[in-house]
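1. I'll drop the sequence and a predicted model, then ask my questions.
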Amino acid sequence: MNTTIAPLMLLEQSYVDNLHLKILHLQQQLNKHTQATTNPIVQTPNDPPARPAKQPSPARGPTAYGLATAPPSLRARTAQLAHFTPKFTGADLMRAFPRALYRQLFGGRSHWARVSTGPRARETGHASLLYLKPALQPYAPARPGAVGIYLNAVPRGADWPAHETVLVGTRSSLFLYVGEYALVGGAPLAAQEVCALPRETVEFWAQHIWDVKGCADVRTRVWFRKTWRAEPTKEQVRRMVHCVDSLSLRDIVDALRRGEEKLYAWGMQPKWYEASLQEMLIREDEKPAAATAPEKCRKRKSCDMEDDAYDGDPSPDYNPRVRKMDARRVWK
C-alpha cells in the first residue's frame, strides 16, 4: 500500500511546487509595474536619449491660392503688368456662375480648359473662353482686373488667340468672369519654382501629362531617361512614342521637380472688362429654370461645338474613366 501512495504524493508535491513558482513570477511582475508607476526611472548620462513623445500632426486646411502665395521669382514676372478697377459697382462684380450657363450662352466643348466658342458667340468678340481651376492655376487673377500667372505644360500654340475671356474657378465649382486678358511671356519654370508650387498643382499637371495626347513626347522622354539612363534625341522620341510601357505618375512628378521636363508660365495682363457680359450672365442666371434649360442636341453637328485643335490644357471636369481610356489608346 505504501508503494501505491508514494508516487501520488510525489506528483502532488510537484504540482504544488510549479504553482508556487508561477505565483512568485506573477508577484515579481506586479512589483516591477508598481515601482515603475510610483518611482519613475531617472535617466543617467550614459543612457541613450529618451525618444520624445509623438505629437499629433496638425489638421491640414485648404490650400491657399492667389498671386500673393507665389514665390518671389514668379511674382517678378508680373512686375511690369498693370491692373485696373472695372467700372462695375456692387456685390455682383464677384458673382460667379456654373459652367453650364457659360456653355449655354457661348457653346463650345464642356470638358476643355481653353474653349473655342460657337459662331454666335464669336460675333460678340468672345472667340475663346479660358477656364482656370484653382488647383491647376493657383496664381490666377483673384478678382476682375487683377494680374495673374497662367501655367501650361506646353509652349504657346500658334492657334492661341491674342486675348481671351478668362473665367476663374471657385471652391464651390463656379466660375467668375474676371475680364479680357492677354498672355505675356511664356518662359519655363526653374526646378526651384516647380518645387515651390502647391503639391496638388504639380500632381495635377503630372496627371495631365499622363493623360493628354499632346504630351506624348513628354511621357516618352521621361520613360527613356528612366529606362536607358540617357537623354533621348528627337528621333528616338519620335520612334519610341508608342513603346512606353512602364511609367508612373511619380516618375513624371520627379522629372518636373528636377527640371528635366518643364512647366511654362505667362503673365496675365488685363485688357478690359465687359460689364455688359456680367449683366447678361446675371439676367440669364435669374431666369426661371424652365426658361434657361438648354435644348437637347439631336445631332452633334447641329450644336455650337467646334472641333478646335486641342492645345494641351487639362480638363476642368475630370472624368477618370474617359481620361484613362484615352491614355490607353495613346500608350499602346
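-> Looks like it came in fine.
2. which residue ranges of this protein form strands?
-> Assigned by DSSP state E, the strands in the chain fall at 114-116, 128-132, 148-152, 164-169, 175-188, 264-272.
3. paired strands for the second one, with orientation please.
-> This means strand 128-132. In its sheet, strand 128-132 lies beside strand 114-116 (antiparallel), strand 164-169 (parallel), with partners assigned from DSSP bridges.
4. out of the strands of the chain, the one nearest residue 101 is which?
-> strand 175-188 (8.8 Å; C-beta to C-beta). Every residue, glycine included, has its C-beta placed from N, CA and C.
5. so that closest one versus strand 164-169, what angle?
-> On the basis of axes from the mean of the first three to the mean of the last three C-alpha atoms, to 10 degrees, strand 175-188 is oriented at 110 degrees to strand 164-169.
6. circling back: any chance of the strands of the chain in JSON lines with distance to residue 94 as columns?
-> JSON lines is the format used below for those (distance: least, C-beta to C-beta, whole Å):
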{"stretch": "strand 114-116", "distance to residue 94": "22"}
{"stretch": "strand 128-132", "distance to residue 94": "16"}
{"stretch": "strand 148-152", "distance to residue 94": "16"}
{"stretch": "strand 164-169", "distance to residue 94": "11"}
{"stretch": "strand 175-188", "distance to residue 94": "7"}
{"stretch": "strand 264-272", "distance to residue 94": "15"}
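7. make TSV out of the ones you listed and add mean neighbour count, distance to residue 210 and mean pLDDT.
-> As requested, the strands of the chain are arranged in TSV below (neighbours: other C-beta atoms under 10 Å; distance: least, C-beta to C-beta, whole Å; pLDDT from 0 to 100):
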stretch	mean neighbour count	distance to residue 210	mean pLDDT
strand 114-116	25	19	76
strand 128-132	24	20	90
strand 148-152	24	15	95
strand 164-169	24	21	93
strand 175-188	19	19	94
strand 264-272	20	18	95
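8. which stretch among those comes nearest residue 70?
-> With distances scored as C-beta to C-beta, the stretch of those nearest to residue 70 is strand 148-152 (6.4 Å).
9. out of the strands of the chain, nearest to residue 139?
-> Shortest distance between residue 139 and these, using C-beta to C-beta, is found for strand 148-152: 3.9 Å.
10. ok, back up a step: go through the strands paired with strand 128-132 and name the closest to residue 178.
-> Closest to residue 178 of the strands paired with strand 128-132, according to C-beta to C-beta: strand 164-169, at 5.2 Å.
11. what angle sits between that closest one and strand 148-152?
-> Strand 164-169 runs at 90 degrees relative to strand 148-152, counting by the same axes, to 10 degrees.
12. so what touches strand 164-169?
-> Applying C-beta atoms under 8 Å, 6 or more residues apart in numbering, the set of residues contacting strand 164-169 from outside is 102, 114, 126, 128-134, 137, 140-142, 175-183, 268, 277, 316.
13. per-residue pLDDT, residue 40?
-> The confidence metric pLDDT takes the value 53 at residue 40.
14. okay, the strands paired with strand 128-132 in TSV with distance to residue 247 next?
-> Written out in TSV, the entries for the strands paired with strand 128-132 read as follows (distance: least, C-beta to C-beta, whole Å):
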stretch	distance to residue 247
strand 114-116	26
strand 164-169	29
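15. for residue 282, which of those strands is the nearest?
-> Counting by C-beta to C-beta, residue 282 lies closest to strand 164-169 out of the strands paired with strand 128-132; the figure is 14.8 Å.
16. C-alpha coordinates for the closest one, PDB please?
-> Provided in PDB are the C-alpha atoms of strand 164-169 (Å, rounded to 0.1, in the frame of the first residue of the first chain):
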ATOM      1  CA  GLU A 164      -9.100  85.600 -74.100                       C
ATOM      2  CA  THR A 165     -12.200  85.800 -72.000                       C
ATOM      3  CA  VAL A 166     -10.900  84.500 -68.600                       C
ATOM      4  CA  LEU A 167     -13.200  82.600 -66.100                       C
ATOM      5  CA  VAL A 168     -11.600  81.700 -62.800                       C
ATOM      6  CA  GLY A 169     -13.000  78.800 -60.800                       C
END
